[in-house]
Each structure stands twice: as C-alpha cells, then as structure tokens.
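Q: here you go, sequence then predicted model.
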Amino acid sequence: MKVVINLLLKNAIILAAGASERLGQPKALVEINGETLTQIIIKKLKKHNLNITIVTRSNLEQDMKSFGEKVVINPSPENGRTGSIQCGLKEIKGQRCIIVPIDRPGFSDMTLERLIKSETTTCPSKNGKGGHPVTLTKEDCDRILSSKSSTPLRDLINPLKIEVDDEYLHLNIDFPEDINILKNMMK
C-alpha cells in the first residue's frame, strides 16, 4: 500500500518588520485606492485559503492586529529578514509555508497558485531573475530555524525558479516613486 503524505500548503508569513527608512513611512501601511499594502496582500492570500501570520516590529503591532490576522513581533528586526522569517516559522511550528515580503506585491494569483502547489522550495522568476513570494519545504524551514538570524536567505535555500509572466514581479516598494508604479499596477 502506498502512503500519501499531504503536502498541502496552508500557511503564509507576511514579512512587515522592516524600518522603511528609504520610503519614509511604514511600507505595510502605504495606501493604494483606500487599502493598505498589508490589506492588498492579505486579500491575495485569502483567495487561496491560506492561514496568515504577519511578522512586524513593535511600533506597528496595533496597526497590524487591526487586520484580523495572527501577528508576531520580531524583537530584533534590525538583524535582517531571516530573523523575521524565523519568528514566523516558530509561530507556525516550522511547517511548510510561503514567505511574502510586504514590499514585493507584484505577483499574480496564477503565480501564487503555482507556488502553493509546488512541493519544493520555489520562487517565481521573470527573465531569469528570481523574485517573491517563496515557498519553503519543511526541510528548508528547519534549516532557516537553525541558522543565525543575520544570515541572508539566499545563503540558506536554493529555490527552484519557475518562469512567470508577471509584469511587476520585481517591483520593490522602497522609494516614493515605487508607490506610483504600484498604483498603476492596481488599476
């Protein structure tokens, strides 16, 4: 008898603990057409019935809780993104998940669906350049949890790149002019 293991991906971790120094305002609270970037990302993830955990910094805790999702505080966000991922992974007990940086909203529903179905650590790619979100296997979650929080994610995982046609895949909300690009994307 063949044993089938359910690899259904159920968890998404939104990374929203960055200082947003270049943007001059919290990226998670940037408003586009009356919705924050966090609300936009949550809607995308909810379409796929994912359980959401938001990792943020203490000064954004109340704002993030207002969105009705599980919120985890990274006590040392200055140590880098891997530390925020670790906070989220601890909350979901290291289960397989998808990691969604708040400042990388340019992925489509089709791309998200492909990532959710992937059984390996996977990221979308456009023109050969990898992007976000990233699906993590249980093994890679364990590797991340056992690493230093300052270790860059790219040094810990080697995702399979799946080519997608998302025009804004590489949009990174870092500067005020990026908000204008995001507004065009949301039309």
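A: Ah, there it is. Note that the structure is predicted; figures quoted are calculated from it, not measured. Residues are numbered from 1 along each chain as shown.

Q: secondary structure class of D140, three-state.
A: helix (DSSP: H, G, I helix; E, B strand; the rest coil).

Q: I meant to write T53 there.
A: When states are read from three-state DSSP, the local structure at T53 comes out as strand.

Q: what distance do you get for V134 to L29?
A: With the distance defined as C-beta to C-beta, to the nearest Å, V134 ends up 23 Å from L29. In short, each C-beta sits where N, CA and C put it, glycine included.

Q: with P77 instead?
A: When C-beta to C-beta is applied, the distance between P77 and L29 equals 15 Å.

Q: these two: which is more packed in?
A: Taking neighbours as other C-beta atoms under 10 Å, P77 and L29 compare with P77 leading, 22 against 16.

Q: surely the more buried one is in contact with E61?
A: No: taking C-beta atoms under 8 Å as the contact criterion, P77 and E61 are not neighbours in contact, 12.0 Å apart.

Q: can you show me the helices along the protein?
A: With DSSP state H as the criterion, the chain has helices at 37-46, 61-65, 81-91, 109-117, 138-145, 176-185.

Q: okay if I get those as JSON lines plus mean pLDDT, mean neighbour count and distance to Y168?
A: Output for the helices of the chain, formatted as JSON lines (pLDDT from 0 to 100; neighbours: other C-beta atoms under 10 Å; distance: least, C-beta to C-beta, whole Å):
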{"stretch": "helix 37-46", "mean pLDDT": "97", "mean neighbour count": "19", "distance to Y168": "12"}
{"stretch": "helix 61-65", "mean pLDDT": "97", "mean neighbour count": "16", "distance to Y168": "24"}
{"stretch": "helix 81-91", "mean pLDDT": "97", "mean neighbour count": "22", "distance to Y168": "20"}
{"stretch": "helix 109-117", "mean pLDDT": "96", "mean neighbour count": "17", "distance to Y168": "11"}
{"stretch": "helix 138-145", "mean pLDDT": "97", "mean neighbour count": "17", "distance to Y168": "26"}
{"stretch": "helix 176-185", "mean pLDDT": "88", "mean neighbour count": "13", "distance to Y168": "5"}
